[in-house]
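Chemist: Below are the sequence and a predicted model; questions follow.
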Amino acid sequence: MSICSGKWSIGGASGLSSSPILSISELNYAFPGDASSKFIFQDISMEVRSGEFVSVIGASGSGKSTLFRLITGLLEPDQGQILIDGQQSGQRLGSVGYMPQKDLLLPWRTVIDNVLLPLEITREKKQGKIAEIREWLSRFGLAEYENAYPHELSGGMKQRVAFLRTLMTGRDLLLLDEPFGALDSMTKHNMHSWLLELWGDLQKTVLFITHDLEEAILLSDRIYLLSGDGKSRVKEMKIDLTRPRRSEIIYQTEFISMRKELEMLIHNEE
Ligand SMILES: Nc1ncnc2c1ncn2[C@@H]1O[C@H](COP(=O)(O)OP(=O)(O)OP(=O)(O)O)[C@@H](O)[C@H]1O
């Protein structure tokens, strides 16, 4: 594991050379009308470069989902700047693919019609995309379920459909809010293996919320830890495990010591 400026870098953005796809600088945010005027974020900075897989971890209530809503443009920062591909705040809505915690598949639509939804919203021509979607369905292990309805799918399958639908937004940056959080451990393990195998071909950038430390280390190039107290800091950990990765690396000494370190850091935050 290598850590930017020491073991852990505090304050986020690590001065990396290539221009970031997402750049957050000195972000301040408090929910309007909150009598205590409690800041969710105070002077938070972070960045994500093209092609990275970055996880965001933090205690419940530390602001992970709020951060995603700020990035998507559903909320506006009180102060500071959020740039996506250099685009300023206010021009961000629709510029990222967002997968919320619940799969939110439309129950009256088949798998393929759910996946086609982003193209309908942006009024893109569907015809040319069908062949591409069928190829992805096959890679997602869903070829035989093209005409199935959500209630006919397992939990893992539903998440894969929701992920594919997010992919079909065509956006380079995907925000995934605990996509595997509700899955049983065996299905989750299978999803990890599947995603690790797919990662090299996806050519996307992912910001990923999770409560699962093992999942964060296994999947990520870097991890941001949101502090649970004054919310004025964000810590960053670089995961120097080679890719392609297999889920069995969780048993390796290097992995176990990273996990220990992450746990200690969280413990210190508390
Ligand atoms: N619409 C809102 N109005 C006022 N406060 C809110 C609103 N949404 C969230 N909060 C508060 O903001 C804080 C951060 O919430 P958020 O959902 O972002 O946390 P989180 O880290 O995603 O939590 P979890 O891990 O439990 O999903 C919490 O204290 C929450 O009560």
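Modeler: Structure's in. What do you need?
Chemist: what sits against the residue nearest to D184 when sequence neighbours are not counted?
Modeler: Sequence neighbours aside, G155 is the residue nearest to D184 in space, at 7.5 Å (criterion: C-beta to C-beta, 6 or more residues apart in numbering). The way it works is simple: take the backbone N, C-alpha and C, and place the C-beta from them, glycine included. Counting by C-beta atoms under 8 Å, 6 or more residues apart in numbering, G155 makes contact with A182, L183, D184, T187.
Chemist: can you tell me which residues contact the residue in the stretch 101-250 of the chain that the ligand sits nearest to?
Modeler: Nearest residue of the stretch 101-250 of the chain to the ligand (C-beta to the nearest ligand atom) works out as H211 at 6.4 Å. Neighbouring residues of H211 by C-beta under 8 Å, 6+ apart: I57, S60, E178, G181.
Chemist: can you tell me how far the third one sits from G73?
Modeler: If I follow you right, that is E178. For E178, the distance to G73 equals 20 Å [C-beta to C-beta, to the nearest Å].
Chemist: tell me the SS of S95?
Modeler: Under DSSP: H, G, I helix; E, B strand; the rest coil, the three-state class of S95 is coil.
Chemist: Now do the phi/psi pair for the residue nearest to the spatial centre of the chain.
Modeler: Nearest to the geometric centre of the chain sits F208, at 2.1 Å (C-alpha atoms, centre = their mean). The phi/psi pair for F208 (degrees, to the nearest 10) reads phi -130, psi 120.
Chemist: Just list the residues touching the nearest residue to R171 once chain neighbours are set aside, thanks.
Modeler: Spatial nearest neighbour of R171, chain neighbours left out: G97 (4.1 Å); criterion: C-beta to C-beta, 6+ apart. Each residue near G97 by C-beta under 8 Å, 6+ apart is listed here: P118, T166, L167, T169, G170, R171, L173, L174, L175.
Chemist: L241: which of those is nearest?
Modeler: Closest approach between the contacts of G97 and L241, by C-beta to C-beta: L174, at 20.9 Å.
Chemist: Quick check: the closest one touching L207?
Modeler: Yes - between L174 and L207 there is a contact under C-beta atoms under 8 Å: 7.4 Å.
Chemist: Give me the more crowded residue out of these two.
Modeler: Legend: neighbour count by other C-beta atoms under 10 Å for L174 and L207, higher for L207 (25 against 21).
Chemist: where does that one land on pLDDT?
Modeler: Looking at L207, its pLDDT stands at 97.
Chemist: got it, and G230?
Modeler: The model reports G230 with a pLDDT of 54.
Chemist: residue ranges of the helices in this structure, please?
Modeler: 64-72, 111-115, 117-121, 130-139, 155-167, 185-202, 213-219, 253-269 (DSSP state H).
Chemist: which residues does the residue nearest to the centre of the chain contact?
Modeler: F53, V54, S55, V56, L176, P179, A216, L219, S220.
Chemist: Just the ones of these in strands?
Modeler: Among the contacts of F208, DSSP state E puts F53, V54, S55, V56, L176 in strands.
Chemist: Mind listing the residues bridging to the last one?
Modeler: In this entry, L176 is beta-bridged to M99, F208, by DSSP bridges.
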